[in-house]
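J.: fold the following, please.
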Amino acid sequence: MGFIGFSGRQAMLAGVASVALLSVPATTWAQDKAGDAAADGQDDSADKPSETDNTILVFGRAERLIGQAGAASEGGVAGADIEVRPLLRPAELLEATPGLIATQHSGGGKANQYFLRGFNLDHGTDFAVYIDDMPMNFRTHGHGQGYLDVNGLIPEAVERLDYRKGPYRADTGDFGFVGSSYITTRDKMDPFAVVEVGMYDYARFVAGGSLKVGSGDLLFVGQAKYNNGPWDLPEDYDGYSGLLKYSAPLFDGEFQASLNIYSATWAPTEQIPERAIGTLVTDAYGTLDPTLRGSTEREILTVGYKSDTWRITGYLQHYDWNLLSNFTFFLDDPVNGDQLRQYDKRWTYGGRIERTVEVNDALSLRAGTELREDSQPRVGLDRTIAGVKNFTVGAFDVKESSAAFYAEAIVRPVDRLMVIGGLRGDWYRFRTTALEGDASWDGLVKDHGVFPKIGVNYEVADGVALYANWGEGFHSNDSRGVTSPIDPAPGVVQGTMKEVGARFERGGLILTGVYWWSYIDSELIYVGDAGAVEPSDPGRRHGYELTAFWKPNSWLALDGVWTGSKARYVGLPDGENYVPGALESAGELGVSSIFPEWNAAIRFRYLGPHALIEDNSERGEPTLLVNLRAAWTPSRYKGWEIYGEVLNLFDSKAHDIDYFYATRLPGEPVDGIEGRQSRIVEPRQLRVGFKKTF
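T.: Numbers count the residues shown, from 1 in each chain. Sure thing, here's the model as predicted:
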């Protein structure tokens, strides 16, 4: 499955050759940041405006990072890298991180499923995301540790995305073991309005802009989005997002204050047993439980100050979430069924203070501290019947607190050589108080970890650099698992990752190659789906990443990624130690061209094969999706853009996600049947948009 009109060889070539043009008309991006490419004195002739088409080309991927990045796997995207990307869902912006795949096994309001470097990251464990320096991952969440929900993200408000792989820098802590992304929102923009409509009752309305207030800029962006999707049970997704942000110069830096709000309700269609297709449901778009519902309310206030020497951030978050799910149907309760409600109400507050000192041209020092507390007056799991509570499995009052201190030194002992050394310490306090249900308890546990990091890179010739990095990182576990009186989980799960790599930057061509190795002590996490802690053996992985960016002329650019990985549990017999859900390969391909009055972009996204169970006897097939975007920006109607997107261009019937576990349908044996559970990708669909910039 997954290859509609493509052979496996063609799919691999598509991933290796991954291409995307990233350029926009000057009227759109003249005020945007073009990155640091011109600042380092290297040849940026490929990024200069064409004398004939009067465009300014802004490429985040074209930034020269030799002498700046601490690892070959670091990078960023900005400008048209983001603007021209066709998107089915907001989380696909995170796929700008090379090798990352974001899928979905439930409705459009639920956090996505993420895959990177041979890790099935579930809903965000071991992949950290920050928006304007505010951590977006949830700890001790009702659905699973690290829960990363970016469905409220407004693409038009995103200025750039920077990414890292591995735990090699000291300022990133919890959930950043495998990778991390740092999203920066815009400070100002011309007033605009967008109307976007599409198949399956899809509609999106966005409006925003900025104005001068005192010495600074006040930005405001609002979005309303509606979608029923292709499912037999209409998704009935209603989502509303807003960003209010004030930026102003202060001393020798910039002060910022922002308010993000997000509210959504939806009716999810989850993965279903494949044996039910054609019997209990007509096709793969059906549902076995039409009473499922979900809702999210989230408000985030962030205040910060940044300069060359200071980085100060404080945040306050309110969150209210609940979700009805049914993964096993009648396996646990043959009479009432296995529907469950997960819920999470919390306040989160915390912040960071960091100081950087440039001692001299050869030595830079920085040190910082982070504090955070999550106060959850009620988080837990109920058994429900058609959305009505039957009984509470376990409900808790949770308080999880942490403090971190870190320091990092960057040394340039000789020309072209950079050495980065860092040390980070994190201290956690997990406290649970039983509220209701047999599976609840009182507990208090403290844990900590100390994580050293080291990196070396050397520019062996102009535009050619070699890198080596080693670091220890971690993710915290759910408080309910950590304080469990029976077989408790560790509070802090440590891991080690290392990589060697190379980077080539000359003219309009940038190439990187990395080989990496990782070991993590345990992949033990609290599984909200089951309301229990499920242990696993330690995991060992290794793999490679190849990325490329090439801009051969003023209107065309090529970027690509191809990754491969091998993931195995430690301590299990060979052949029985595969890590389920660990992608063995992934890649992207894109081709775009943009001229003064029109542009077009096509992207290929490849999700590779993977084991579904430890003995590899059941495997998930690869999925290849192709998305197309085209736009007309007529010069005679200044400020107008009319665009269209065709998502899943070749109408693939492959899977967005697949699993192998036991479920029970009516009339089946009491122990259920082990089998494949999957969710089909959304079918081909057309969306059309109209944008007016004032």
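
J.: ok, residue 482 to residue 396 distance?
T.: From residue 482 over to residue 396 the distance is 12 Å, taken as C-beta to C-beta, to the nearest Å. (Glycine included, C-beta is placed from N, CA and C.)

J.: what's the weakest-modelled helix or strand in the protein?
T.: Every helix and strand in the chain was compared by mean pLDDT, DSSP states H and E; the lowest is helix 26-29, with a mean of 28.

J.: poorly predicted segments of this protein, please.
T.: Along the chain, the model assigns pLDDT under 70 to residues 1-60, 62, 524-535.

J.: centroid-nearest residue for it?
T.: In the chain, the centroid-proximal residue (C-alpha atoms, centre = their mean) is residue 94; its distance is 4.5 Å.

J.: for that residue, give me its contacts.
T.: Residues counted as contacts of residue 94 (C-beta atoms under 8 Å, 6 or more residues apart in numbering) are 100, 102, 114, 129, 150, 161, 181.

J.: what is the most widely separated pair among the residues you listed?
T.: Spanning the widest gap among these are 114 and 161, at 14.5 Å by C-beta to C-beta.

J.: more neighbours, these two?
T.: residue 114 (27 against 22; other C-beta atoms under 10 Å).

J.: surely residue 469 touches residue 164?
T.: No - taking C-beta atoms under 8 Å as the definition, residue 469 is not a contact partner of residue 164, at 10.1 Å.

J.: who touches both of these two?
T.: With C-beta under 8 Å, 6+ apart as the test, residue 469 and residue 164 both reach residue 71.

J.: okay, these two: which has more neighbours?
T.: residue 469 (27 against 22).

J.: could you list the buried residues of the host helix or strand of that one?
T.: Assigned by DSSP states H and E, residue 469 belongs to strand 464-476. Neighbour-count burial for strand 464-476 flags 465, 467, 469, 470, 471, 472, 473, 474, 475, 476 (criterion: 16 or more other C-beta atoms under 10 Å).

J.: how about the first one: which residues does it bridge to?
T.: Think residue 465. Residue 465 has the following beta-bridge partners by DSSP bridges: residue 459, residue 503.

J.: and for the nearest residue to residue 382 once chain neighbours are set aside, the neighbour number?
T.: Nearest non-adjacent residue to residue 382, counting by C-beta to C-beta, 6 or more residues apart in numbering: residue 341, 4.4 Å away. For residue 341, the neighbour count with other C-beta under 10 Å is 23.

J.: now do the one 3 residues further on
T.: The local packing count at residue 344 equals 23, with neighbours defined by other C-beta under 10 Å.

J.: and whichever strand or helix holds it, which strands flank it?
T.: For residue 344, the host element (DSSP H and E) is strand 340-360. Each strand paired with strand 340-360, and its direction, by DSSP bridges: strand 310-325 (antiparallel), strand 363-385 (antiparallel).

J.: between the following helix or strand past the longest one and strand 363-385, how many degrees?
T.: Okay, so that is strand 363-385. Moving toward the C-terminus from strand 363-385, the next helix or strand (DSSP H and E) is strand 388-411. Here strand 388-411 points in a direction 170 degrees away from that of strand 363-385 (axes from the mean of the first three to the mean of the last three C-alpha atoms, to 10 degrees).

J.: which of the residues in the helix or strand just after strand 388-411 are buried?
T.: Using DSSP H and E, the next helix or strand after strand 388-411 towards the C-terminus is strand 417-436. Buried residues in strand 417-436, counted by 16+ other C-beta under 10 Å: 418, 420, 422-435.

J.: for this structure, which segments count as helices?
T.: Counting by DSSP state H, the chain has helices at residues 8-16, 26-29, 80-83, 479-482.

J.: these two touch, right, residue 582 and residue 118?
T.: Yes - in this structure, residue 582 is within contact of residue 118 by C-beta under 8 Å, at 4.7 Å.

J.: got any residues that touch both of the two?
T.: Common neighbours of residue 582 and residue 118 (criterion: C-beta under 8 Å, 6+ apart): 541, 565, 567.

J.: residue 180: neighbour count?
T.: 26.
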